[in-house]
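Chemist: Got a predicted structure plus its sequence, pasted below:
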Amino acid sequence: MADAALRLKSLFEQLLGTSIPVRIRAWDGSEAGPPDAPTLVVRNRRALRRLLWKPGELGMARAWVSGDLGIEGDLYEALDAMSELVWERGEDARTLTQALRDPEVRSAVRGLVRLAGLPLPPAPPPEEVRRGRAHLHTKRTDKHAISHHYDVGNDFYEIVLGPSMVYSCAYWESPDGTLEDAQRDKLDLICRKLELTPGQRLLDVGCGWGSMAIHAAREYGVRVVGVTLSQEQAAYARKRVADEGLTDKVEIRVQDYRDVGDGPYDAISSIGMAEHVGAERYLEYAGVLHALLAPGGRLLNHQIARRPRRDESAYSIDEFIDSYVFPDGELAPIGTTVTQLERAGLEVRDVEVIREHYALTLRRWVANLEAEWARAAKLAGAGRARVWRLYMAASALAFERNRIGVNQVLAVRTPDGGSSGMPLRARTWN
């Protein structure tokens, strides 16, 4: 009798103490749960073993990336429905130990173990980053982390990002606009905030595939140095620069920002790069950028932020993101970022919150990926494509639900005399 789905539903509800908000389809073809809800497809018993050996988010991620779990129906609806059951419950050892004291929970776990079959833990998917020691944010470990995320293949990123090749939050005039227009508007917004003028020097930290450097050089006549740790990004960016006829204005380097020694620069843009720096290195990061700026020079720091915790010592890096997406990536509250920039000697002049803009951007990236799924999976591998689909869809929901945000911080290296060079009404870019 095919009844695995009903048994799973019953055991999960016994374990979690609440009803399951999605439909379940099991490996034997059986189904159970709300008929109109998205369907969680449990393709084999190995999916259960992954969840049992690593309860919570990482176990779910391993099952998803390996293809042992899938979702049919609206992905966003499914992730939103399951968020309280998986991502918001926590999974530290104390929580699990306390839960296992409950006889109902122990009974449910025993039932899942019997249903899962062989007890040996499945090997993690090959896309998972292996950890051997603590996060150090050295130049070597940072280069490895950047390579893991960005050296996936430029053809893959062309599918996801579209012609703009910008991998950061776009700036939307309307939800009905195009991604390309919104990314162009974001780059132009940054140029105007930096008040770029012909002949100035701009340093673009974490320059990606060269879009900011090209836009600033072409539209504002500045000379740009872009630095990245990704060999693939640098090669792609250099070709784009050459194709635009801007080799006399734009230089792309494979270089750690800490090794840039040819300042001063009139302006610095750091767009979606500071999340890689790490809390222990952030003051150093801010200090390096301060030292590279000429007096009166401006910094535009575009960075994802998390919500502050009552106990900041309880913050831990998201396991799925750390293991599959951004190794060693860390998020900080916006207040912490502003404080560190000012501790380094910069004067923060403006903070613009663009949280909703990132949700719109991520949904467009997911749509791009889904529209060319077969080709994307062939280019990067099916597991890697599944990583990106889950990561971007879950992130879109996180921005929409105000769990995380993104901010543009404009700061100045104000000279000792106190003249920042900023207009009395700075928000002329709106």
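Modeler: Done, it's in.

Chemist: low-confidence ranges in the chain?
Modeler: The model of the chain has pLDDT under 70 over residues 1, 86-106, 131-151, 429-430.

Chemist: which stretches of it form strands?
Modeler: Secondary structure of the chain, counting by DSSP state E: strands at 23-25, 31-32, 39-42, 69-72, 201-205, 223-228, 250-254, 265-271, 293-306, 347-353, 404-412.

Chemist: possible to save these as a markdown table with distance to Asn368?
Modeler: To be clear about C-beta, it is placed using only N, CA and C from the backbone, and glycine gets the same treatment. Below are the strands of the chain laid out as a markdown table (distance: least, CB to CB, whole Å):
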| stretch | distance to Asn368 |
| --- | --- |
| strand 23-25 | 28 |
| strand 31-32 | 31 |
| strand 39-42 | 24 |
| strand 69-72 | 19 |
| strand 201-205 | 24 |
| strand 223-228 | 22 |
| strand 250-254 | 25 |
| strand 265-271 | 20 |
| strand 293-306 | 20 |
| strand 347-353 | 25 |
| strand 404-412 | 20 |
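
Chemist: would you turn those strands into TSV with mean neighbour count and distance to Val241?
Modeler: TSV is the format used below for those (neighbours: other CB atoms under 10 Å; distance: least, CB to CB, whole Å):
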stretch	mean neighbour count	distance to Val241
strand 23-25	21	50
strand 31-32	17	54
strand 39-42	22	45
strand 69-72	18	41
strand 201-205	26	12
strand 223-228	24	9
strand 250-254	20	5
strand 265-271	25	16
strand 293-306	22	21
strand 347-353	15	29
strand 404-412	21	25
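
Chemist: closest to Gly418 out of those?
Modeler: Nearest to Gly418, of all the strands of the chain, is strand 347-353, at 9.3 Å by CB to CB.

Chemist: Who are the packing partners of that closest one?
Modeler: Using 3 or more CB pairs under 8 Å, 6 or more residues apart in numbering; DSSP states H and E as the contact test, the elements touching strand 347-353 are helix 334-343, strand 404-412.

Chemist: From the chain's centroid, how far away is it?
Modeler: Remark: strand 347-353 is offset 22 Å from the chain centroid, using CA atoms, centre = their mean, to the nearest Å.

Chemist: Give the pairing partners of it; include direction for each.
Modeler: strand 404-412 (antiparallel) (DSSP bridges).

Chemist: thinking again about what came up before, in TSV: the helices and strands packed on strand 347-353, plus distance to Ser174.
Modeler: Listed next are the helices and strands packed on strand 347-353 as TSV, based on distance: least, CB to CB, whole Å:
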stretch	distance to Ser174
helix 334-343	26
strand 404-412	19
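
Chemist: wait, which of the ones you listed is closest to Thr197?
Modeler: Shortest distance between Thr197 and the helices and strands packed on strand 347-353, using CB to CB, is found for strand 404-412: 15.6 Å.

Chemist: and the gap between Gly261 and Arg253?
Modeler: Going from Gly261 to Arg253 by CB to CB, to the nearest Å gives 11 Å.

Chemist: What are the buried residues along stretch 417-427?
Modeler: By 16 or more other CB atoms under 10 Å, the buried positions in stretch 417-427 come out as 420, 422.

Chemist: Without its sequence neighbours, what residue ends up closest to Asn402?
Modeler: Distances taken as CB to CB, 6 or more residues apart in numbering put Arg355 closest to Asn402, at 6.9 Å, once the chain neighbours are dropped.

Chemist: For Gly210, see how far away the one you found is.
Modeler: Distance from Arg355 to Gly210, by CB to CB: 26 Å.
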